[in-house]
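Engineer: All I have is the shape, not the residue letters:
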């Protein structure tokens, strides 16, 4: 089967890379800021557009990449600064506004250059089928570093997301730690979008975490369930799109649709368990 | 019982014979866009099996990768691309993913159609100030039909090198194609001769070669620069030009925003004509010659109606 020859690196990418997204997804769902990944990807796009305005070629050279990272970090700072203890409006609203303003600003910046919207979009939106060995290994190394960072500091990040008041009481500088959270998150999201595209990044972030949250209340179990869902959806989607040749389904959207199915199954399972529980007789 | 057995045997035999693969292996040819696919099929006949990557209704500058395309490229003996940087946005990553040394640049199985073709609109400056597409020149040269002769010569040369036994067939197909093309060119030039010097507006500079060949001026575009979406100030300028110079025909291709073209046309009492540069998008355009025939007819009709 050509899965291990032609599609080897997409397969490796889909097995190894989403794990960290699921972890971040639990935090994102816990904080209720679902669209932050789209906002950060859009901010990175604004960075690349600015590089083009300054004369860089969007395809090569360090400036586009450097500005994408710089803008992502600036976005992270913006998100951490706008998270208020007693918000008058939900943080999600601020994030949505930042997203749309960044998108419109990118269009305005590009209108001053000779580049088109489509080309910038193409730079940001990858296709998982085309990922190369070096991209996968490089990104894996990056995610490993971020993963170790979050593993070591996991209690603090957990408190930050799920009980920020307690974090503050313990003397944590919430703004600083929030910035660290959004910055590492932004780097992970932007690099995954370049490999796999916007649909997949959003889905990997949210769906496995939601399935985990539906089926358990313990973080470790949620993580395990999320990883299982991510693995199942990703590998099945890749196999389906590459092996069902008469349909020739685009891989990204296939995986996303499978996630939809897995979510429905998780929801049904959670619902039937909650119905069944009152009837269980204690032994 | 014996009769039924005999019938079953006969059916089985027929089925196996009719599904038997050709004794000779066909050359697997992959073309980026469908005019090259159609021509490859004409020149190669049944000695080739042709797959085209981009759909005729797709914008050729941006094509998204699908599994079957990578598989086809992985197994291809020949890859035919337009060149002149038309496919530069999407072909290189596909080539990397396909991992097929037979079709890399310079390899025996690689055909670059634009080699030897005189390109228009080669930018003088090496920067991106004229837009971000067409940096090597205007790549839509297949709309000047005599250029097809250069391209089929490339195809025949490569097919003959990889399948020497088919040389006579390929040469015969080329000669046949060329004589049909020459005959059709006479008809087409006659059909558009009454409109010599007439101007048409197009969305993208696709029809420059067509205009130059057939005596039409196809030098006014809705895009301010190739690949850049129309901006209101630019559209205003175009509409003014249409008013002043009485331009009443506007060409739009399937993957271009029809609404913009229709809005411009409505303001100027002009007619929008749907055309395409690729065989297979419009009805009755399965081959290259049929495509040019359809396009010539539609444009001639519109120019006649808008006189």
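Structural biologist: Everything's here; your move. In this text the structure is predicted, and so the values were computed from the model without any measurement.

Engineer: can you tell me which helix in chain B is longest?
Structural biologist: Secondary structure assigned by DSSP state H gives helix B:167-192 as the longest helix of chain B.

Engineer: for residue A:245, helix, strand, or coil?
Structural biologist: coil (DSSP: H, G, I helix; E, B strand; the rest coil).

Engineer: does chain B sit close to stretch A:224-235?
Structural biologist: No - judged by C-beta under 8 Å from any C-beta of the partner chain, stretch A:224-235 makes no contact with chain B; its nearest approach is 14.5 Å. (Glycine included, C-beta is placed from N, CA and C.)

Engineer: which element follows the longest helix of chain B toward the C-terminus?
Structural biologist: strand B:199-202 (DSSP states H and E).

Engineer: Next secondary structure element downstream of that next one?
Structural biologist: Following strand B:199-202 toward the C-terminus (DSSP H and E): helix B:208-214.

Engineer: sorry, back to before: name the helices or strands packed onto the longest helix of chain B?
Structural biologist: helix B:34-44, helix B:147-162, helix B:208-214, helix B:288-305 (3 or more C-beta pairs under 8 Å, 6 or more residues apart in numbering or on different chains; DSSP states H and E).

Engineer: report the angle between the axes of that helix and helix B:147-162?
Structural biologist: Angle of helix B:167-192 versus helix B:147-162, following axes from the mean of the first three to the mean of the last three C-alpha atoms, to 10 degrees, is 170 degrees.

Engineer: How about helix B:167-192, which residues are buried there?
Structural biologist: B:169, B:170, B:173, B:174, B:177, B:181, B:184, B:185, B:188, B:191, B:192 (16 or more other C-beta atoms under 10 Å in any protein chain shown).

Engineer: What angle do helix B:34-44 and that helix make with each other?
Structural biologist: Using the same axes, to 10 degrees: helix B:167-192 against helix B:34-44 is 130 degrees.

Engineer: gap between stretch A:128-137 and the chain center?
Structural biologist: 18 Å (C-alpha atoms, centre = their mean, to the nearest Å).

Engineer: Same check on stretch A:94-107?
Structural biologist: The answer for stretch A:94-107 is 18 Å, by C-alpha atoms, centre = their mean.

Engineer: now the chain, which segments are flagged as low pLDDT?
Structural biologist: As the question left the chain open, I've gone with chain A. A:1, A:58-61, A:114-125, A:278-283 (pLDDT under 70).

Engineer: that's the wrong chain, I wanted chain B
Structural biologist: B:1-3, B:5, B:7-23, B:125-133.

Engineer: buried residues in stretch B:74-93?
Structural biologist: Applying 16+ other C-beta under 10 Å to stretch B:74-93 flags B:74-91, B:93 as buried.

Engineer: of the helices and strands packed on helix B:167-192, which approaches chain A most closely?
Structural biologist: helix B:34-44 (16.4 Å; C-beta to the nearest C-beta).

Engineer: and the closest one, what does it pack onto?
Structural biologist: strand B:27-31, strand B:48-52, strand B:78-81, helix B:147-162, helix B:167-192, helix B:288-305.

Engineer: Just send the ones you listed back as a markdown table, with distance to residue A:270 too.
Structural biologist: Converted to a markdown table, the helices and strands packed on helix B:34-44 look like this (distance: least, C-beta to C-beta, whole Å):
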| stretch | distance to residue A:270 |
| --- | --- |
| strand B:27-31 | 48 |
| strand B:48-52 | 46 |
| strand B:78-81 | 51 |
| helix B:147-162 | 59 |
| helix B:167-192 | 64 |
| helix B:288-305 | 56 |
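
Engineer: which one of those lies closest to residue B:227?
Structural biologist: strand B:78-81 (18.5 Å; C-beta to C-beta).

Engineer: now whatever helix or strand comes next after that closest one: how far from the chain's centre is it?
Structural biologist: Per DSSP H and E, the first helix or strand lying C-terminal to strand B:78-81 is helix B:91-98. The chain centroid and the centroid of helix B:91-98 are separated by 21 Å under C-alpha atoms, centre = their mean.

Engineer: Does chain A have contacts with helix B:91-98?
Structural biologist: Yes - for helix B:91-98 and chain A, the contact criterion (C-beta under 8 Å from any C-beta) is met by B:93, B:94, B:96, B:97.

Engineer: buried stuff in stretch B:253-265?
Structural biologist: Neighbour count says stretch B:253-265 has B:253, B:254, B:255, B:256, B:260, B:261, B:264, B:265 buried, by 16+ other C-beta under 10 Å.

Engineer: I meant to write stretch A:202-219 there.
Structural biologist: A:202-216, A:219.

Engineer: Take the residues you listed and keep only those in helices.
Structural biologist: Per DSSP H, the buried residues of stretch A:202-219 map to helices at A:202-215, A:219.

Engineer: from these, which is closest to residue A:23?
Structural biologist: Among those, and counting by C-beta to C-beta, the member closest to residue A:23 is residue A:209, at 8.6 Å.

Engineer: Please report how far the nearest residue to that closest one once chain neighbours are set aside lies from residue A:217.
Structural biologist: Once flanking residues are discounted, residue A:209 sits nearest to residue A:25: 3.3 Å by C-beta to C-beta, 6 or more residues apart in numbering or on different chains. Computed as C-beta to C-beta, to the nearest Å, the residue A:25 to residue A:217 distance reads 16 Å.

Engineer: next one: residue A:69
Structural biologist: For residue A:69, the distance to residue A:217 - C-beta to C-beta - is 36 Å.

Engineer: follow-up on the earlier one: and the two most separated of the residues of helix B:91-98 next to chain A?
Structural biologist: So, these by C-beta to C-beta: farthest apart are B:94 and B:96, at 7.3 Å.

Engineer: and stretch A:175-183, how far out from the chain's middle?
Structural biologist: With C-alpha atoms, centre = their mean, you get 16 Å for stretch A:175-183.

Engineer: I would like the residues contacting it, please.
Structural biologist: A:27, A:36, A:40, A:72-73, A:75-77, A:79-81, A:83, A:156-157, A:160-161, A:167 (C-beta atoms under 8 Å, 6 or more residues apart in numbering or on different chains).

Engineer: Show the contacting residues for residue B:49.
Structural biologist: Residue B:49 sits next to B:26, B:27, B:28, B:29 when contact means C-beta under 8 Å, 6+ apart.

Engineer: Out of those residues, who's the most crowded?
Structural biologist: Highest neighbour count within those: residue B:29, with 29 neighbours (other C-beta atoms under 10 Å in any protein chain shown).

Engineer: which residues does that residue form a beta bridge with?
Structural biologist: residue B:50, residue B:78 (DSSP bridges).

Engineer: hang on, it packs against residue B:40?
Structural biologist: Yes - here residue B:29 reaches residue B:40: they are 4.9 Å apart, a contact under C-beta atoms under 8 Å.

Engineer: between those two, what contacts are shared?
Structural biologist: B:48, B:50, B:78, B:80.

Engineer: quick one, what contacts the third one?
Structural biologist: It stands for residue B:78. B:27-30, B:40, B:48, B:102-103, B:109-111, B:158-159, B:162.

Engineer: so residue A:129 sits in a strand?
Structural biologist: No - assessed with three-state DSSP, residue A:129 is helix; it does not lie in a strand.

Engineer: Neighbours of it, how many?
Structural biologist: With other C-beta under 10 Å as criterion, residue A:129 counts 25.

Engineer: Show the contacting residues for it.
Structural biologist: By C-beta under 8 Å, 6+ apart, the neighbours of residue A:129 are A:7, A:10, A:242, A:251, B:65, B:66, B:67, B:70, B:97.

Engineer: okay but the last one is in contact with residue B:69, surely?
Structural biologist: No - under the criterion of C-beta under 8 Å, residue B:97 makes no contact with residue B:69, lying 9.1 Å away.

Engineer: With adjacent residues omitted, what lies nearest to residue 102?
Structural biologist: I'll assume chain A. Nearest to residue A:102 is residue A:42, by C-beta to C-beta, 6+ apart, at 4.4 Å.

Engineer: um, chain B though
Structural biologist: Nearest non-adjacent residue to residue B:102 (C-beta to C-beta, 6+ apart): residue B:109, at 4.2 Å.
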